[in-house]
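predicted model and sequence below, questions to follow.
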Amino acid sequence: MKQNLVALISGVLFGLGLGLSQMIDRERVLGFLDVTGVWDPTLLFVLGGAVSVTVIAFRFVLRLPHPFYGENFSLPTQKNIDRRLIFGAVIFGVGWGIAGYCPGPSLTALVLGIWNPVLFVMAMIAGSLTYKWVSTRLEWGEFARSNVSKDLPFDVPPGNSRS
């Protein structure tokens, strides 16, 4: 019960932060992504602040034996960059660039009472269900198993598998 309450409070604070930083304003986001037109750099400060806090806080948080309201930390264990990861990132980026929303801000923007976030969330759910349906019927084969990390022009740091 306590863990659910903390999750709810965290989600509300995250949503308020998204609203306050104007990340739920699709025009602001699209202006930020339009680097060849009339670029709006204001979200760069939001992203920079979020990354700065995360870099500093994670150094302390991950030294704890476990989360305050959990048994262990759930960190990614995959250490390679494969084609499915790249393909998913491309789809995410294209969707963000077309719609001006990503999942968190789109859910927060539902309170605005306009149709754009509603349509985006419906498309997001349809895309997730389509992926689930296709991935259970399609043999990804070499596409999924191929590791492209060795082909990248930079080193991919090993993942942290702390539990």
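Structure's in. What do you need? These numbers come from a predicted model, not from an experiment.

please enumerate the helices of this structure.
Using DSSP state H, the helices assigned to the chain run over residues 2-20, 26-33, 42-61, 83-99, 103-109, 115-137, 141-145.

looking at the ones you listed, which is buried most?
Among these, the stretch with the highest mean neighbour count (mean count of other CB atoms under 10 Å) is helix 103-109, at a mean of 20. (Each C-beta comes from the backbone N, C-alpha and C, glycine too.)

for the helices of the chain, give me a markdown table that also has distance to Leu75.
Listed next are the helices of the chain as a markdown table, based on distance: least, CB to CB, whole Å:
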| stretch | distance to Leu75 |
| --- | --- |
| helix 2-20 | 18 |
| helix 26-33 | 28 |
| helix 42-61 | 10 |
| helix 83-99 | 16 |
| helix 103-109 | 20 |
| helix 115-137 | 23 |
| helix 141-145 | 22 |
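
what sits against Gly49?
Residues near Gly49 by CB atoms under 8 Å, 6 or more residues apart in numbering: none.

the spatially closest residue to Leu18 that is not a sequence neighbour and Ala7, how far apart?
Excluding the flanking residues, the one nearest Leu18 by CB to CB, 6 or more residues apart in numbering is Thr108, at 4.7 Å. From Thr108 across to Ala7, the span is 16 Å (CB to CB, to the nearest Å).

follow-up on the earlier one: can you put the helices of the chain in CSV and add mean pLDDT and distance to Pro76?
Formatted as CSV, the helices of the chain follow (pLDDT from 0 to 100; distance: least, CB to CB, whole Å):
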stretch, mean pLDDT, distance to Pro76
helix 2-20, 90, 20
helix 26-33, 91, 26
helix 42-61, 92, 13
helix 83-99, 88, 11
helix 103-109, 91, 18
helix 115-137, 88, 19
helix 141-145, 52, 17
